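Engineer: based on what follows, work out the 3D shape:
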Amino acid sequence: MKAILCQQFGPPEELTVSDVPSPPIGASQVRIAVRACGVNFPDILMIQGAYQLKPPFPFSPGLEVAGDIIEAANDVQELQIGQRVMATMMYGGFAEEALVPAAAVLPMPDAMSYEQGAGFPLVYGTSHVALAHRAQLKAGESLLVLGAAGGVGLAAVELGKHLGARVIAAASTDEKLEQARSYGAEKLINYSRENLRERLNEITDGKGVDVIYDPVGGDLFDQAVRRIAWEGRYLVIGFASGRIPSLPANIALLKNASIVGTFWGAYMLNDPGVIRDSFAQLTTWY
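Structural biologist: As a prediction, the model looks like this:
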């Protein structure tokens, strides 16, 4: 089969297309004929050696795929040959075939295309697990989404609205904010020309934000964490800014606030049932 390979850490231009043998299937796995594969920020980090996970060379990037099951291990009962599915993995999706643990595979809704399926698990899975499972977001609470026009950001805006939150979107341009508004944001902050702390203080009447969803880190973290509400939850999703911020622990103490990490991919190794339950809920809303 053909696969896109990373032979050494570097930019996307250094990836190669090669013929590689199809790996043998293992227990509790399925083999998927890949029809579409999502491209995500972690893929870029991984091939540059800047991600938490560093696979051995050569490896194929790709965290999420959609396609058809063409083989299943003998102990897999709930999935069928020929079934249209979407799936997640730690890497290996940029190939004609992907071996995936059955626990990380979910049947696709009939109305969902392969392209939609390949772009669904990571952004919506991350946002749903973060908001519903980790932060326990409640209807009527305020939700700030930083980087609100990115992949996970837009998903967080949409899901936050669906869960009944009052969504505040923050992004760097008015065009991005209008996109966030179309997904359900009620209040908008352009942090390239507005002071984030001051605007949050105005919007919340000085009470602060109940849940903050942050895939950016850096300077935005430094500002947003100081506007967290009493018993608020600060969701650490990633560091797209390139800087991992230091936590002002006194704020967590004084506000009785929680700093909550959400490394969605780690659930596949440690508690895959969380991902499966999340997918099941998400597909009922699709």
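Engineer: distance check, Pro56 against Val17.
Structural biologist: 19 Å (C-beta to C-beta, to the nearest Å). From N, CA and C alone the C-beta is placed, and that goes for glycine too.
Engineer: before we move on, what about Met86?
Structural biologist: Distance, Met86 to Val17, by C-beta to C-beta: 23 Å.
Engineer: the more surrounded of the two?
Structural biologist: Higher neighbour count among Met86 and Val17: Met86, with 29 against 10, using other C-beta atoms under 10 Å.
Engineer: leaving out sequence neighbours, find the closest residue to the more buried one.
Structural biologist: In this structure, Met86 finds its nearest non-sequential neighbour in Gly117, 3.8 Å apart by C-beta to C-beta, 6 or more residues apart in numbering.
Engineer: chain center to the helix or strand hosting that neighbour: distance?
Structural biologist: Here Gly117, judged by DSSP states H and E, is contained in helix 114-118. Relative to the centre of its chain, helix 114-118 is centred 15 Å away, using C-alpha atoms, centre = their mean, to the nearest Å.
Engineer: mind listing what Gly150 touches?
Structural biologist: Counting by C-beta atoms under 8 Å, 6 or more residues apart in numbering, Gly150 touches Pro215, Ala240.
Engineer: could you rerun that using 10 Å?
Structural biologist: Contacts for Gly150 (C-beta atoms under 10 Å, 6 or more residues apart in numbering) come out as Phe41, Val123, Ala156, Ala171, Lys176, Ala180, Pro215, Val216, Ile237, Gly238, Ala240.
Engineer: what does Phe279 give?
Structural biologist: Contact analysis of Phe279 by C-beta under 10 Å, 6+ apart lists 86-88, 104-107, 120-121, 124-125, 128-129.
Engineer: next step: the contacts of Gly150 restricted to strands.
Structural biologist: Counting by DSSP state E, the part of the contacts of Gly150 found in strands is Ala171.
Engineer: so can I have a markdown table of the contacts of Gly150 showing neighbour count?
Structural biologist: Listed next are the contacts of Gly150 as a markdown table, based on neighbours: other C-beta atoms under 10 Å:
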| residue | neighbour count |
| --- | --- |
| Phe41 | 16 |
| Val123 | 22 |
| Ala156 | 36 |
| Ala171 | 26 |
| Lys176 | 21 |
| Ala180 | 26 |
| Pro215 | 26 |
| Val216 | 26 |
| Ile237 | 26 |
| Gly238 | 20 |
| Ala240 | 19 |
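Engineer: reformat the contacts of Gly150 as a markdown table; add distance to Arg193 and pLDDT.
Structural biologist: Putting those into a markdown table (distance: C-beta to C-beta, whole Å; pLDDT from 0 to 100) gives the following:
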| residue | distance to Arg193 | pLDDT |
| --- | --- | --- |
| Phe41 | 25 | 87 |
| Val123 | 27 | 93 |
| Ala156 | 23 | 99 |
| Ala171 | 11 | 98 |
| Lys176 | 13 | 98 |
| Ala180 | 16 | 98 |
| Pro215 | 21 | 97 |
| Val216 | 17 | 97 |
| Ile237 | 24 | 97 |
| Gly238 | 24 | 93 |
| Ala240 | 20 | 91 |
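Engineer: return the subset of the contacts of Gly150 lying in helices.
Structural biologist: Applying DSSP state H to the contacts of Gly150, the entries found in helices are Phe41, Val123, Ala156, Lys176, Ala180.
Engineer: and those residues, which is closest to Leu282?
Structural biologist: For the ones in helices among the contacts of Gly150, the minimum distance to Leu282 (C-beta to C-beta) is 10.7 Å, reached by Val123.
Engineer: just confirm the closest one contacts Ala155, I think it does.
Structural biologist: Yes. Using C-beta atoms under 10 Å, Val123 is in contact with Ala155, at 4.4 Å.
Engineer: how close does the residue nearest to Ala102 when sequence neighbours are not counted get to Arg31?
Structural biologist: Excluding the flanking residues, the one nearest Ala102 by C-beta to C-beta, 6+ apart is Val76, at 4.7 Å. For Val76, the distance to Arg31 equals 10 Å [C-beta to C-beta].
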